[in-house]
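J.: sequence? don't have it. structure:
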């Protein structure tokens with residue numbers, strides 16, 4: 001069997017790229033090793049509940065944005081309607097940092113007013129920062145090679161406010177430790193603070209179902225339980241794949257959402273010297289989904305998302321301990337503006353984790369730690385948040401080991417390797433990398449990245 005294009009991985013980038021290629025009239029096959037599509041953002045059933053994996057919120061909500069807004073451009077290229085996504089806006093979110101608090105919602109003026117009240121004079125700098133972000137987006141300058149921490153003082157004078165703004169941006173899309181690329185910071189800043197956050201009604205599953213249905217309608221194929229063992233090359237160019245079961249499938253082009261390092265392991269021609277693995281990412285997370293027996297708002301937890309840090313400087317790096325409880329993210333799935341409220345409340349608590357510990361721990365130690373750290377996590381939540389432990393009806397936890405098992409990401413690195421490849425090109429002609437290591441992160445960013453590479457290469 002021969003295809004025009006093979007896509008490795010049915011995550012958000014893979015599904016979006018596959019759909020775009022099929023819409024171009026390419027005979028397209030999307031291959032997924034696991035039994036369910038979605039990749040880093042999927043769903044599963046546990047304890048009688050359908051639970052989302054990975055999804056806190058979608059970025060780039062702004063419904064009033066013009067045709068060139070990121071989400072609108074994406075939907076247009078995939079021939080999807082905004083109404084079909086059933087997006088529910090956040091109510092309000094908090095940034096708690098070492099005794100200071102900022103509130104923001106999907107109106108950028110809310111952040112400006114809060115910052116100005118807490119840090120006089122800050123609003124002008126944030127406006128300039130927003131203008132700089134918009135300029136970079138319009139010029140497609142997603143990466144600059146400059147340090148975000150070095151550039152931020154030009155716009156935000158106070159160190160505390162800088163840490164508060166960095167925190168959500170890093171948590172939502174930074175693969176490097178302690179710092180990030182200035183261009184990438186600006187794009188995520190725009191996506192989170194200017195365009196805003198939302199959640200799809202019903203969680204991530206309706207979006208995955210929509211993409212898979214549209215892929216089939218466009219003539220594309222999706223095969224589950226079909227992992228790729230090897231990318232085949234001929235005369236130095238990618239010509240197909242060998243599946244885990246030995247089946248050979250030929251193709252004119254291969255698009256991999258597995259990650260740069262992970263793709264190089266499937267295609268040694270990408271890295272003849274065997275040096276790529278050293279560049280694997282180190283940022284991974286421990287996350288617990290708590291199902292409550294009542295809406296969180298009834299307990300006094302009104303925020304959609306809370307980002308918090310309990311030290312003067314936000315430490316975004318692999319911790320020495322198994323989990324860093326000094327900072328975290330709390331996402332309350334029910335605190336979004338749904339037309340139909342969800343059938344049960346989910347509160348997701350996320351912390352930076354040390355992947356070495358979780359990968360190397362003997363099984364007995366691993367399972368003990370997996371039981372202990374969610375308890376310690378809840379005890380470490382900020383005093384600003386109400387104690388919801390008595391309302392927990394069920395909980396489930398995933399670790400860096402879980403992430404690696406179900407996504408193949410080395411170290412369970414959710415955001416991939418620090419070195420990004422915006423154009424998706426690899427040293428092997430006909431082989432392209434999409435998704436996390438292309439550099440546009442989150443559900444919206446991953447889909448935009450996959451579509452961009454598909455569009456750039458499909459007509460070659």
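T.: Noted; the coordinates are in hand. Source: prediction; values computed, not measured. Numbers count the residues shown, from 1 in each chain.
J.: just the endpoints, please. Distance across stretch 173-187?
T.: Start-to-end span of stretch 173-187 (CA to CA, to the nearest Å) is 10 Å.
J.: from the chain's centroid, how far away is stretch 103-119?
T.: Relative to its chain's centre, stretch 103-119 lies at 25 Å (CA atoms, centre = their mean, to the nearest Å).
J.: now that stretch: average pLDDT?
T.: For stretch 103-119, the mean pLDDT works out to 96.
J.: who touches that stretch?
T.: By CB atoms under 8 Å, 6 or more residues apart in numbering, the surrounding residues in contact with stretch 103-119 are 61-62, 89-95, 100-102, 122-123, 126-127, 130, 158, 160-161, 193-198. (C-beta placed from N, C-alpha, C; glycine too.)
J.: any weak-confidence spans in this structure?
T.: 64-65, 273, 275, 459-460 (pLDDT under 70).
J.: before we move on, the earlier item: which of the contacts of stretch 103-119 count as buried?
T.: 61-62, 89-95, 102, 122-123, 126, 130, 158, 160-161, 193-198 (16 or more other CB atoms under 10 Å).
J.: next step: the residues you listed restricted to helices.
T.: Residues of the buried ones among the contacts of stretch 103-119 located in helices (DSSP state H): 122-123, 126, 130, 160-161.
J.: for residue 387, state which of those is nearest.
T.: residue 160 (26.6 Å; CB to CB).
J.: which residues touch the residue nearest to that closest one when sequence neighbours are not counted?
T.: Spatial nearest neighbour of residue 160, excluding adjacent residues (CB to CB, 6 or more residues apart in numbering): residue 100 at 5.9 Å. The contact partners of residue 100, by CB under 8 Å, 6+ apart, come to 118, 160, 164.
J.: mind listing what the last one touches?
T.: Looking back up the chat, that one is residue 164. Contacts of residue 164 (CB under 8 Å, 6+ apart): 95, 97, 100, 102.
J.: make it 10 Å
T.: 95-98, 100-102, 115, 118-119, 156, 158, 307, 309, 314 (CB atoms under 10 Å, 6 or more residues apart in numbering).
J.: swap in residue 412?
T.: Per CB under 10 Å, 6+ apart, neighbours of residue 412: 281-286, 353, 355, 358-359, 398-406.
J.: and for it, nearest residue in space, chain neighbours not counted?
T.: The spatial neighbour of residue 412 that comes closest, neighbours along the chain excluded (CB to CB, 6+ apart), is residue 400 at 3.0 Å.
J.: relative to residue 409, how far out is that neighbour?
T.: 9 Å (CB to CB, to the nearest Å).
J.: need the overlap of contacts for those two.
T.: Joint contacts of residue 400 and residue 409 (CB under 10 Å, 6+ apart) are 284, 355.
J.: what segments of the stretch 301-450 of the chain are helices?
T.: 355-360, 363-379, 400-407, 442-458 (DSSP state H, counting those that start in this stretch).
J.: flag every buried residue along the second one.
T.: Pointing back at helix 363-379 there. 366, 369-370, 373-374, 377-378.
J.: greatest separation within the residues you listed: which pair is it?
T.: 366 and 378 (20.0 Å).
J.: ok so, going back, which among the contacts of residue 412 count as buried?
T.: 281-286, 353, 355, 358-359, 398-404, 406.
J.: show me this protein divided up by domain.
T.: Per automatic domain parsing, the domain ranges recorded for the chain read 2-55+203-280+415-458, 282-402.
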